[in-house]
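Colleague: Based on what follows, work out the 3D shape:
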Amino acid sequence: MKQVGLLAAGCQPWNNDVCAASGNRFAYCSTLAIYIYKLDHYNEFKLEAIMSEHKKTITALSWNPNDPDVFASTGADNQVIIWNIAKQKVIACLGNTNAVPNSVGWVLSDKETVAYVSGCGPLYIWNYRTNGSITNYKDTHNFTSDVTKFRLHSKKIGRMVFGHADGSISIFNKGQRPSKHVLRPEAIDGCEDNDPVMDLEWDPLSLDYLLVVHIHSGVRLIDCESLNVITVFQLPNSATSIQTLAWIPTAPGMFATGDSHHGIIRFWTVSNPAPISSINLKKTGFHCLRVFSASSTENSEDNPETTGFISSTSKALDTNTPVDTSSQYTLPPGHALCTFLDGGVGLYNFAKRSWDFLRDMGHVETIFECQFKPDNANLLATASFDGTIKVWDVNTMKCEFASHGNEGVIYSISWAPADLNCIAASTSKNGAFIWDMNKNKIIHRYQEHKGGVYCVAWNHLDSRKIATCGSDGYCIIRNVDGSGVQRYKHSSCVFGCDWSTNNKDMIATGTEEGKVHVYYTATTSNQPIKVFTGHTAKIFRVKWSPLREGILCSGSDDGTIRIWDYTQDFCVNVLNGHTAPVRGLLWNLEIPYLLLSGSWDYAIRVWDTRDGACIDVALDHGADVYGLTSHYSRPMTLASCSRDSTVRIWSLSDIIASVQMKIIAKRPWKEIINSPGIKIILLNFFIICLSELKKYDDITFFCHIKFDSVNRLSQVKTIKLF
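Modeller: Coordinates of the predicted model:
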């Protein structure tokens, strides 16, 4: 199985320090993975690596200023991880930081030492090359307000600043008494809330100057030696607020800011309190901003055709041209790494005044489900923990449709049959609903369940029927308009349901007790007509075979997949191999015995269900694999989704030849190859081919071979092809 496409995640909007840039690389964080892109010698930013060792939300990352191959990250799993990008591996890990670090940086005097802080302090210092000993920095404990962000000075050893949730800052200098909780901005009239520090950055050309951003008070330039506010920068109006800022390294005294409510980037100089230029890049607000100067030749006058486009591994998407409100101003060279509140990530080229890269509207949380549209193999729908449904064009990896969100966790989706352009979804807090993607509105909502709804299934043999199941132990079937409700009570939570592909009135469910129930909905009885037992833990998903009537499978937290024959009332095979709970299940739509599964062990496995053999394993995902899907018109192509927030496209073509041979011969491939006589046959065939090659120059030929009843070579006929 070969990966042929990747839809990378968007950037999370939960934490502040979740993007970074260094040299010709930039990186950003989804909830559980870090994406690193690199500018290559073709002037293309390519996805270089995906790092996904954190088990809970990543909270910050920081590049080592002395080693461009190394960066540090922190997470809600109480870990600090040191990564080597060139080697694409973890080189050090500090576990159990006691509290969740929310900011991390590198100590100037030692390129192998990081500092991190949590809550109200203290600041911890860790040298990852030593025996793991940790020290805390003097006087950085017992802050009276949480630290929102801290920065170590890049030139002056021992100088650092902390920004706090109450709007104050704390400044530390080696050998001097610290200035704690100083320079808190004055209260804004009519605003009783705190004015937290959202961002702060040291002036790269000064030992004393610091820029600080507040949500209400805007941007201030501070002299940290005299503790004076030098400039309060003027915002265009009272409705404007700044979320983030960055100095522009190629223009001394110049910096950029990103608005919090709109995607407007503004350019400033320290000598002018008003912005000198602004560009409207996007409708949604900024989350983070970093400015860097990549080592490229994209603006070289002797190479005017170089464009700096993104490679096919992370294609830049077409987007509306940013609105430049002051095009007469010449911007300095450089790139702005922009992340937005909707998860979008972009790389804006100042010189070209256009995007070099835009990953728009990507999911930032676990993707629980993916499904191809029944009448269009190019459209793929995804559902996520972030509460949205998105529909992607798999050729361009561009989001074509997106729901408004705010639905809690969306666990499951199911397309309407044919070309109805609607998707049914199940949620953690808002029941189930039908979303019309063309109108971008919810046209029906179902609230019969008490609690979370884990699965939804639209009947593709009877498009009037939709089934859901949930934490209340019910599988509920209703008509699309909400009428004709049928309830099937179970003795425990129901996690999965699936309509038979051969009988419009038959549905299977999987329960917390590890049982598979089969119901016939055309009768008035609410009792199952079959109950299959054998799993030792809950069943998360059940799937009927589309090609073999009466065959279905179930995936369980016991790590196994069981194949059931409805007509024979027993389990026909148990597939063992996963080392964690099974989540995704997919029958191949062309080869009846081929089954794929995804698991919390990060693996996708391909199975021959007749003998239970695992014939391939893919480990590309960096976290739990939840969803698998394929389309009838492309049965050898599939998509998968994961807790790493990516969607990956796969081809089965490299394993299909051996699978087809095995199915035709009704024997395992290894047994075919190693059977008596086969090796001699292949050897003789090879020798004959070599001898024929000597007879012809530049002429293509093939051999027609016949075997006798005992598999001895009996005839070879060479046919010339001109």
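Colleague: quick one: residue 250 is in a strand?
Modeller: No. Checked against DSSP: H, G, I helix; E, B strand; the rest coil, residue 250 lies outside a strand; its state is coil.
Colleague: So residue 67, which state does it fall into?
Modeller: Of the three states, residue 67 takes coil under three-state DSSP.
Colleague: Might one say that it is in contact with residue 110?
Modeller: No. Counting by Cβ atoms under 8 Å, residue 67 does not reach residue 110; the two are 11.7 Å apart. Where C-beta positions appear, they are placed from N, C-alpha and C, glycine not excepted.
Colleague: Could I have the CA atoms of stretch 519-538 written out in CSV?
Modeller: The C-alpha trace of stretch 519-538 is given here as CSV (Å, rounded to 0.1, in the frame of the first residue of the first chain):
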residue,chain,number,x,y,z
TYR,A,519,-32.4,-6.2,13.3
TYR,A,520,-35.0,-6.6,10.6
THR,A,521,-36.8,-3.3,10.5
ALA,A,522,-39.7,-4.3,8.3
THR,A,523,-41.4,-6.0,11.3
THR,A,524,-42.9,-4.4,14.4
SER,A,525,-40.6,-6.3,16.7
ASN,A,526,-37.9,-4.4,18.4
GLN,A,527,-35.9,-7.6,19.2
PRO,A,528,-32.7,-8.6,17.3
ILE,A,529,-33.0,-11.5,14.9
LYS,A,530,-29.4,-12.3,15.5
VAL,A,531,-26.8,-11.6,18.3
PHE,A,532,-23.2,-12.4,17.7
THR,A,533,-20.8,-12.7,20.7
GLY,A,534,-17.1,-13.3,20.9
HIS,A,535,-15.4,-9.9,21.4
THR,A,536,-14.0,-9.3,24.9
ALA,A,537,-14.4,-5.5,24.8
LYS,A,538,-16.6,-2.9,23.2
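Colleague: quick check, distance from that stretch to the centre of its chain.
Modeller: Its chain's C-alpha centre and that of stretch 519-538 lie 36 Å apart, by Cα atoms, centre = their mean, to the nearest Å.
Colleague: and that stretch, what's its mean pLDDT?
Modeller: For stretch 519-538, mean pLDDT is 96.
Colleague: what's the answer for stretch 151-171, then?
Modeller: Stretch 151-171 comes out at a mean pLDDT of 95.
Colleague: Enumerate every residue touching the residue nearest the centre of the chain.
Modeller: Centroid check for the chain by Cα atoms, centre = their mean gives residue 645 as the closest residue, at 2.0 Å. Neighbouring residues of residue 645 by Cβ atoms under 8 Å, 6 or more residues apart in numbering: 9-10, 30-33, 362-367, 384.
Colleague: Excluding chain neighbours, what is closest to it?
Modeller: Excluding the flanking residues, the one nearest residue 645 by Cβ to Cβ, 6 or more residues apart in numbering is residue 9, at 3.3 Å.
Colleague: I'd say the one you found and residue 644 touch.
Modeller: Yes. Contact criterion Cβ under 8 Å: residue 9 and residue 644 qualify, at 7.2 Å.
Colleague: Which residues are in contact with each of the two?
Modeller: Applying Cβ under 8 Å, 6+ apart, one finds that residue 9 and residue 644 are jointly contacted by 30, 33.
Colleague: Name the residue in the two with the higher neighbour count.
Modeller: Remark: of residue 9 and residue 644, residue 9 carries more neighbours, 28 against 25, as counted by other Cβ atoms under 10 Å.
Colleague: Quick check: that one is in a helix.
Modeller: No. Using three-state DSSP, the assignment for residue 9 is coil, not a helix.
Colleague: biggest strand in this protein, by residue count?
Modeller: Determined from DSSP state E, the single longest strand within the chain is strand 272-282.
Colleague: pull the CA atoms of whichever helix or strand comes after that strand into PDB?
Modeller: With elements assigned by DSSP states H and E, the helix or strand that comes after strand 272-282 is strand 286-292. Extracted as PDB, the C-alpha positions of strand 286-292 are listed here (Å, rounded to 0.1, in the frame of the first residue of the first chain):
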ATOM      1  CA  PHE A 286      -4.900  36.200  12.900                       C
ATOM      2  CA  HIS A 287      -3.700  33.800  15.500                       C
ATOM      3  CA  CYS A 288       0.100  33.900  15.100                       C
ATOM      4  CA  LEU A 289       2.600  35.800  12.900                       C
ATOM      5  CA  ARG A 290       6.300  35.200  12.300                       C
ATOM      6  CA  VAL A 291       8.500  37.000   9.700                       C
ATOM      7  CA  PHE A 292      11.600  35.500   8.300                       C
END
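Colleague: Begin at 898, not 1, for the rest of this chat.
Modeller: OK, 898 is where the count begins now, so the last one is strand 1183-1189.
Colleague: mind listing what's buried in strand 1183-1189?
Modeller: Buried residues in strand 1183-1189, counted by 16 or more other Cβ atoms under 10 Å: 1183, 1184, 1185, 1186, 1187, 1188, 1189.
Colleague: Stretch 1300-1313 now?
Modeller: Here stretch 1300-1313 shows 1300, 1304, 1305, 1306, 1307, 1308, 1309, 1310, 1311, 1312, 1313 as buried, counting by 16+ other Cβ under 10 Å.
Colleague: Name the SS class of residue 1551, please.
Modeller: helix.
Colleague: what's it in contact with, if anything?
Modeller: Counting by Cβ under 8 Å, 6+ apart, residue 1551 makes contact with 898, 899.
Colleague: Could you rerun that using 10 Å?
Modeller: By Cβ atoms under 10 Å, 6 or more residues apart in numbering, the contact list for residue 1551 reads 898, 899, 1513, 1533.
Colleague: Then residue 931?
Modeller: Applying Cβ under 10 Å, 6+ apart to residue 931 gives the contacts 915-917, 924-925, 946-951, 955, 958, 968, 970, 978, 980, 982, 1519.
Colleague: Buried ones from those, can you make that a PyMOL selection?
Modeller: Of the contacts of residue 931, the buried ones can be selected in PyMOL as follows, counting by 16+ other Cβ under 10 Å:
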select buried, resi 915+916+917+924+925+946+947+948+949+950+951+955+958+968+970+978+980+982+1519
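Colleague: Among the contacts of residue 931, name the ones in strands.
Modeller: Those of the contacts of residue 931 lying in strands (DSSP E): 916-917, 924-925, 946-948, 955, 958, 968, 970, 978, 980.
Colleague: So which of those is the closest to residue 1120?
Modeller: residue 917 (26.9 Å; Cβ to Cβ).
Colleague: In the beta-sheet assignment, what are the partners of the closest one?
Modeller: For residue 917, the beta-bridge partners under DSSP bridges are residue 924.
Colleague: got it, and residue 1354?
Modeller: Beta-bridge partners for residue 1354, by DSSP bridges, are residue 1364.
Colleague: which residues of the stretch 1048-1197 of the chain score low on pLDDT?
Modeller: For the stretch 1048-1197 of the chain, the stretches with pLDDT under 70 are 1085-1089, 1192-1197.
Colleague: quick one, helices of the protein?
Modeller: Remark: helices assigned in the chain by DSSP state H are 1550-1562, 1566-1570, 1575-1590.
Colleague: Since that was my last question, I'll sign off now.
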